[in-house]
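Participant: coords below, sequence missing:
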């Protein structure tokens, strides 16, 4: 299964990114209806159903040619990550600098696991939030997830 993901990411990332989208994730997973090859895409202004359809039509024949599943049947799914998806990559973090986020740690720090503040900085090893009482820097390897605060 890891081979399918690796082949698809390696061969299709340049094509998808060349179309103006970010390839957020590729999953090859068993679901109730069988195996699914799921491409999650994003772009600065958000992803529409039309975007998913455009990418699907572009990559479907390429996947058939690559045959990453060795002729095993699967359903191709192209989707958006959704508003509440975790921010995983440097690109995600860069795009959301100065936005309000919720950061959850794997284990407690100073008596708490969840921190809410403004994403003010990051580098390859740390993420910094501006909290009510000042800036706090977290080691990235201790962060379970970071999500945008969604306000309606």
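Facilitator: Arrived safely, thanks for sending. None of these values were measured; they are calculated from a predicted model.
Participant: Spatially central, which residue of this protein would that be?
Facilitator: For the chain, the residue sitting closest to the mean C-alpha position, by C-alpha atoms, centre = their mean, is residue 24 at 4.0 Å.
Participant: Can you verify my assumption that it contacts residue 38?
Facilitator: No. Counting by C-beta atoms under 8 Å, residue 24 does not reach residue 38; the two are 10.4 Å apart. Bear in mind the C-beta positions are built from the backbone N, C-alpha and C, glycine included.
Participant: that older thread, give the contact list for the residue nearest to the centre of the chain.
Facilitator: 40, 41, 42, 81, 85, 88, 89, 92 (C-beta atoms under 8 Å, 6 or more residues apart in numbering).
Participant: Return the set of buried residues in the strand or helix carrying the last one.
Facilitator: Assignment of secondary structure by DSSP states H and E places residue 92 within helix 90-95. Buried residues in helix 90-95, counted by 16 or more other C-beta atoms under 10 Å: 92, 93.
Participant: repeat for stretch 49-57
Facilitator: Burial within stretch 49-57, assessed by neighbour count using 16+ other C-beta under 10 Å, is assigned to 51, 52, 54, 55, 56.
Participant: swap in stretch 106-121?
Facilitator: Neighbour counts over stretch 106-121 (16+ other C-beta under 10 Å) mark 115, 117, 118, 119, 120 as buried.
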